[in-house]
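Trainee: Got a sequence here, can you model it:
(2 chains)
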Amino acid sequence: MAALIQLEIVTPKGAVLSEQVEMVTAPGYAGVFGVLANHAPLLSTIKIGNLVYKKDGRDDIVMVSGGFCEVSNNKVTFLVESAERGSDIDVDRALRAKERAEKRLAEAMAQKEKIDRVRAEAALQRALARLKAAGKM
Amino acid sequence: MPSLKDVKTKIGGVKKTSQITKAMNMVAAAKLRGAQSKMEAFRPYAEQFHAAMASLSAGTGGARFPLMEVREVKKVELVVVTSDRGLCGSFNANILKVANRAVAELEAAGKKVSLVCVGKKARNFFRKSGKMRKDYIDIMGTFQMFNARAIAQDAAANFLSGEADEVRLIYGRFHSVALQRPEQTTILPIKPIEGEAGGAAAPASQAVYIYEPSQEEIMEVLLPMFLNVMVYHSMLEVSASEHAARMTAMDNATRACKDIINNLTLIYNKTRQAGITSELMDIVGGAEALKG
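Mentor: Numbers count the residues shown, from 1 in each chain, chains lettered A, B, ... in the order given. So this is what the prediction gives:
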């Protein structure tokens, strides 16, 4: 059995996950990175995307939006604005959000509104990450 | 002497009022529980965020960030957070009093003041002052992070553009169910966060941290988020305080109703008694007259 590392996901609405896992893969600033047991201390920002953790040989997906992650003392803590387990995601809602974001993005591009574009892009990224986490893409 | 019927109607009315206040008390108690559990859920996030910020700013001591820039204060922005609804005792009035005093003091010191009002009570109070720059209403009960983010981003943009040299937050702090106090804190420029007393141990572990991207860039991302955390926290505090204050106010009102009903019942019985006595007198008088 592989060595384990403590995974914690904390959002403003409370702790989402607190488990001993074998491996965590997360969307970091410079790309996806993996954390195994006894990883060196690390602090990284987290982008919108999917976090994958391996436990008992099974992969589970959690969708996370922006925040940061700290690894120390064999514990990896994610502080993110929102986190949803793949199984909890409302696929219909995510699909609707995707369509809405795409429309907004097209409008914003047409009018060259920078703030609207950034917002629409973030919304689209969130929707896509959700769909991926739910296994619908 | 009031007539019997008047007193009876009055008792009925007061009874109905007490039913309403009692119901409001129970609703407020339930909502307070909800708000408190939200606060409990938020606490670990806020604490870990603070800890990370402290260890980060210890490592970036020399660097300067726009959101931390200390300028000569000429223009001050006050973000006043109150509830949307009244009937919660002096809770909102206390916050507004502190806000009003702050405005007066700042203006006396020759500074320009602008206001951002969160919650209907603050908006209605400052609407005609001409100092209100922005208002957010009907967002208190939602507990949504994006509402806090909108307020924080707007304040940050205003600070960065030089429209305000200092941003203060005035809100009602939840100490306990019985005690809520208005509080004033400066949120911008962000003050460097001091590590705890155990700071001596921090630099040792600091050396081995891997930062991705650099410490400075992480700070750039975290500072605005830290602002969100502060604003969100104040909104949670105000929500919990509002419900706690309303609970107390409605409890007092229910008790006052009970006192009034007792007094009115006393008057009612006295009046009734007086009526009976005078009727008896009449009968006795009449009988005496017939005898004679």
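Trainee: tell me which parts of the stretch 101-250 of chain B are close to chain A?
Mentor: By C-beta under 8 Å from any C-beta of the partner chain, the residues of the stretch 101-250 of chain B that approach chain A are B:145, B:205, B:208-213, B:215, B:217-218, B:221-222, B:225, B:228-229, B:232. For every residue, glycine as well, the C-beta is placed using N, CA and C.
Trainee: So how do I select the buried members of these in ChimeraX?
Mentor: Buried residues among these (16 or more other C-beta atoms under 10 Å in any protein chain shown), as a ChimeraX selection:
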select /B:145,209,211,212,215,218,221,222,225,228,229,232
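Trainee: Let's see which of the residues of the stretch 101-250 of chain B next to chain A end up in helices.
Mentor: B:145, B:205, B:215, B:217-218, B:221-222, B:225, B:228-229, B:232 (DSSP state H).
Trainee: If I look at B:Ser205, what pLDDT would I see?
Mentor: You'll see B:Ser205 listed with a pLDDT of 46.
Trainee: just B:Arg255 next, same as before
Mentor: According to the model, B:Arg255 scores 95 on pLDDT.
Trainee: Can you name the helix or strand that it falls in?
Mentor: helix B:215-291 (DSSP states H and E).
Trainee: what's that helix packed up against?
Mentor: On a contact count with 3 or more C-beta pairs under 8 Å, 6 or more residues apart in numbering or on different chains; DSSP states H and E, helix B:215-291 meets strand A:42-46, strand A:67-72, helix B:4-59, strand B:75-81, helix B:91-108, helix B:145-160, strand B:166-174, strand B:180-188.
Trainee: To B:Ala253, which of these lies closest?
Mentor: The stretch from those with the least distance to B:Ala253 (C-beta to C-beta) is helix B:4-59; that distance is 4.1 Å.
Trainee: re earlier: pick out the lowest-pLDDT one from the ones in helices among the residues of the stretch 101-250 of chain B next to chain A.
Mentor: Pick the lowest pLDDT in these and you get B:Ser205, at 46.
Trainee: Pick out the residue nearest the middle of chain A.
Mentor: A:Val64 (2.3 Å; C-alpha atoms, centre = their mean).
Trainee: Leaving out sequence neighbours, find the closest residue to the residue in chain A that chain B sits nearest to.
Mentor: Using C-beta to the nearest C-beta, the closest approach of chain A to chain B is made by A:Gly14 at 3.3 Å. Closest residue to A:Gly14 apart from its sequence neighbours, by C-beta to C-beta, 6 or more residues apart in numbering or on different chains: B:Ala41 at 3.3 Å.
Trainee: Quick one: closest of the helices and strands packed on helix B:215-291 to A:Gly57.
Mentor: Closest among the helices and strands packed on helix B:215-291, using C-beta to C-beta: strand A:67-72, at 22.4 Å.
Trainee: Which helix or strand lies directly C-terminal to the closest one?
Mentor: strand A:75-80.
Trainee: Look at A:Gln6 and give its secondary structure.
Mentor: strand (DSSP: H, G, I helix; E, B strand; the rest coil).
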